[in-house]
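Q: Need a 3D model of the following:
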Amino acid sequence: MAPSPQNPALDVPPKDVKQALAEDKYDDCMSCRVTGSAAFIGLGVYSYYTGMQNLRKQEKAIMAGPSKYRMGSRQLGIATISATLVGMGLYRAFN
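A: All right, here's what the predicted structure looks like:
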């Protein structure tokens, strides 16, 4: 590795770089984990609640429409998206 003329602190031998990367393990603070997991879980709950509410409001129009996607498949889609967001929040909280 050629020496850096601007900043000698950047002159680290390759062996030290590999060792430093092996020792460096990123760990979030507790408040970051709580905030991130609460955001994902809250978004999952909100998307489920509002999605199902909108489906109930639009049920007549959906059933009368030409689309092959009726209420069951739309409810499954909303539930899947919501469960994925809640799962991401739980994963964020514990991993």
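Q: can you pull the contacts of the closest residue in space to Gly51 that isn't next to it in sequence?
A: Of all residues not flanking Gly51 in the chain, Ile78 sits nearest, at 3.7 Å (Cβ to Cβ, 6 or more residues apart in numbering). No exception for glycine: its C-beta is placed from N, CA and C like everyone else's. Neighbour list for Ile78: 47-48, 51-52, 55 [criterion: Cβ atoms under 8 Å, 6 or more residues apart in numbering].
Q: Please apply the same query to Gln19.
A: Listed by Cβ under 8 Å, 6+ apart, Gln19 has no contact partners.
Q: Could you say which helix or strand holds it?
A: Assigned by DSSP states H and E, Gln19 falls within helix 14-23.
Q: export that helix as CSV, just CAs?
A: Taking C-alpha atoms only, helix 14-23 is exported to CSV below (Å, rounded to 0.1, in the frame of the first residue of the first chain):
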residue,chain,number,x,y,z
PRO,A,14,-3.6,-4.7,5.0
LYS,A,15,-3.3,-7.2,7.8
ASP,A,16,-4.5,-4.5,10.3
VAL,A,17,-7.4,-3.6,8.1
LYS,A,18,-8.6,-7.2,8.0
GLN,A,19,-8.2,-7.6,11.7
ALA,A,20,-10.1,-4.3,12.3
LEU,A,21,-12.9,-5.3,10.1
ALA,A,22,-13.2,-8.7,11.8
GLU,A,23,-13.3,-7.0,15.3
